[in-house]
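# got a predicted structure plus its sequence, pasted below:
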Amino acid sequence: MTDTLPDRVVDGDGFRRALAVHAAGVVVITARSEGVPVGLTATSFSSVSLDPPLVSFYVDRSSTTWPSLRGAGHFAVNVLSSDQADVAARFASKGVDRFAEPTRWRPGPLGAPLLLDVSAHLVCLPYETRDVGDHVLVVGLVAEASVGRPGRPLLYHQGRFGRFTAHP
Ligand SMILES: Cc1cc2nc3c(=O)[nH]c(=O)nc-3n(C[C@H](O)[C@H](O)[C@H](O)COP(=O)(O)O)c2cc1C
């Protein structure tokens with residue numbers, strides 16, 4: 001299609017409307033940068049490769065968290081559970097200390113903050129970053145993975161947080 005319509009791109013509203021119907025799991029990416037915990041909410045998380053074990057997410061190039069994240073030696077992916085919509089909202093909010101109460105977290109094995117009560121943690125070493133459009137693709141090599149309490153995932157759909165219900 002790009003051969004015949006090289007200049008044609010969807011308008012911003014149409015693009016956002018279509019993407020909004022794609023339900024996505026919600027994670028919080030965390031890291032420790034110069035001793036300071038940093039983190040942001042993301043739905044762009046994805047698995048990439050099994051061997052080696054790679055995962056990815058995209059971060060907005062205008063993110064104020066990205067410069068700290070980029071400098072960190074490793075990062076953690078915190079997979080949120082269905083009752084953590086407040087955590088997702090906090091890690092997407094400006095002007096708050098995202099790690100202050102009521103956020104519950106502990107330092108991870110390599111120092112990156114690990115959020116408590118999540119469904120899973122993945123501790124990652126930076127593997128590759130690449131500018132893609134107005135975002136940066138961040139690929140991580142998974143050094144450690146742990147599954148937390150069994151439960152349902154937090155989903156994001158049409159601008160709202162919700163829960164997954166399996167078919168009977
Ligand atoms: C549900 C949800 C999903 C988000 N997914 C992403 C994402 O994948 N990548 C990204 O860069 N920002 C994403 N954001 C926005 C960031 O969380 C937010 O803009 C960012 O934390 C702003 O703060 P910062 O400038 O400190 O990074 C998402 C926000 C929400 C609420």
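Structure received. Residues are numbered from 1 along each chain as shown.
# drop to CA atoms for contacts and neighbour counts, all remaining ones
Noted.
# specify the beta-bridge partners of the residue nearest the centre of the chain.
Against the mean C-alpha coordinate of the chain, by Cα atoms, centre = their mean, the closest residue is residue 42 at 3.2 Å. Using DSSP bridges, the bridge partners assigned to residue 42 are residue 27.
# tell me who's in contact with it.
Residues near residue 42 by Cα atoms under 8 Å, 6 or more residues apart in numbering: 26-29, 57-59.
# how about those in CSV, adding neighbour count and distance to residue 146?
Output for the contacts of residue 42, formatted as CSV (neighbours: other Cα atoms under 10 Å; distance: Cα to Cα, whole Å):
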residue, neighbour count, distance to residue 146
26, 25, 17
27, 29, 14
28, 23, 15
29, 27, 15
57, 21, 19
58, 20, 22
59, 24, 24
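# tell me which of these is nearest to residue 93?
residue 28 (12.3 Å; Cα to Cα).
# contacting residues around the closest one?
Contacts of residue 28 (Cα under 8 Å, 6+ apart): 39-42, 77-80, 88, 91.
# what subset of those residues is also close to the ligand?
Among the contacts of residue 28, the residues within reach of the ligand (Cα under 6 Å from any ligand atom) are 40-42, 91.
# gap between stretch 139-159 and the chain center?
Relative to its chain's centre, stretch 139-159 lies at 9 Å (Cα atoms, centre = their mean, to the nearest Å).
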